[in-house]
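1. Got a predicted structure plus its sequence, pasted below:
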Number of protein chains: 2
Amino acid sequence: MRVVPRAGILDPQGNAVAGALGSLGFDGISEVHVGRLITLRLLAASEADARERAEAMCRRLLANPVTEDFEIRVAS
Amino acid sequence: MRVVPRAGILDPQGNAVAGALGSLGFDGISEVHVGRLITLRLLAASEADARERAEAMCRRLLANPVTEDFEIRVAS
């Protein structure tokens, strides 16, 4: 699952990384965003079942519903 | 850039997520890993130049060279 700051919402971690990269001399950089990448193995009856449970995990624990969006990829 | 815990190294954040998912009643879950996903816009002369600079950013700031691996994807 990818959990990323919702577009248009302040991303303090992204801003901190942008500042730090600038201090190190990296230039020409903009739109820095920092999200989380969560991978796990899930025993599921089907791909649809896996996706549904992963969505529930994001809604209930992994993503902040106010500030973040999430995206799920299922591999079998 | 994706920055992920190196395989075989303890991943306390992954373990914490696994525990929390278990407490919420999610079962059949294993191998939970938590990494970071950093996206940015970079003015570069070429794709090779962009990749080289992104690698330097990971080595110098974004990834912990002792515990993490990184992977770069360039889109134009």
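-> The structure has been received and is ready for your questions.
2. Against the centre of chain A, work out the most remote residue.
-> Of all residues in chain A, A:G25 has its C-alpha farthest from the mean position, at 26.8 Å, by C-alpha atoms, centre = their mean.
3. quick one, phi psi at that one?
-> When read as degrees, to the nearest 10, the backbone of A:G25 gives phi 100, psi 0.
4. Tell me which residues of stretch A:32-46 come out buried.
-> A:V32, A:H33, A:V34, A:G35, A:R36, A:L37, A:I38, A:T39, A:L40, A:L42, A:A44 (16 or more other C-beta atoms under 10 Å in any protein chain shown). For glycine as for every other residue, the C-beta is placed from the backbone atoms N, C-alpha and C.
5. ugh, typo on my part, it should be stretch A:4-17
-> For stretch A:4-17, the neighbour count (16+ other C-beta under 10 Å) marks A:V4, A:P5, A:D11, A:G14, A:V17 as buried.
6. Tell me if I'm right that the third one and A:V17 touch.
-> It stands for A:D11. No. Between A:D11 and A:V17 there is no contact under C-beta atoms under 8 Å: 9.2 Å.
7. hmm, stretch A:30-41 in reach of chain B?
-> Yes. Between stretch A:30-41 and chain B, judged by C-beta under 8 Å from any C-beta of the partner chain, the touching residues are A:S30, A:E31, A:V32, A:H33, A:V34, A:G35, A:R36, A:L37, A:I38, A:T39, A:L40, A:R41.
8. give me the element the closest residue to the fifth one other than its chain neighbours is part of.
-> Just to be clear, that refers to A:V34. The shortest distance from A:V34 to any non-neighbouring residue, by C-beta to C-beta, 6 or more residues apart in numbering or on different chains, is to A:Q13 (4.2 Å). Using DSSP states H and E, A:Q13 sits within helix A:12-23.
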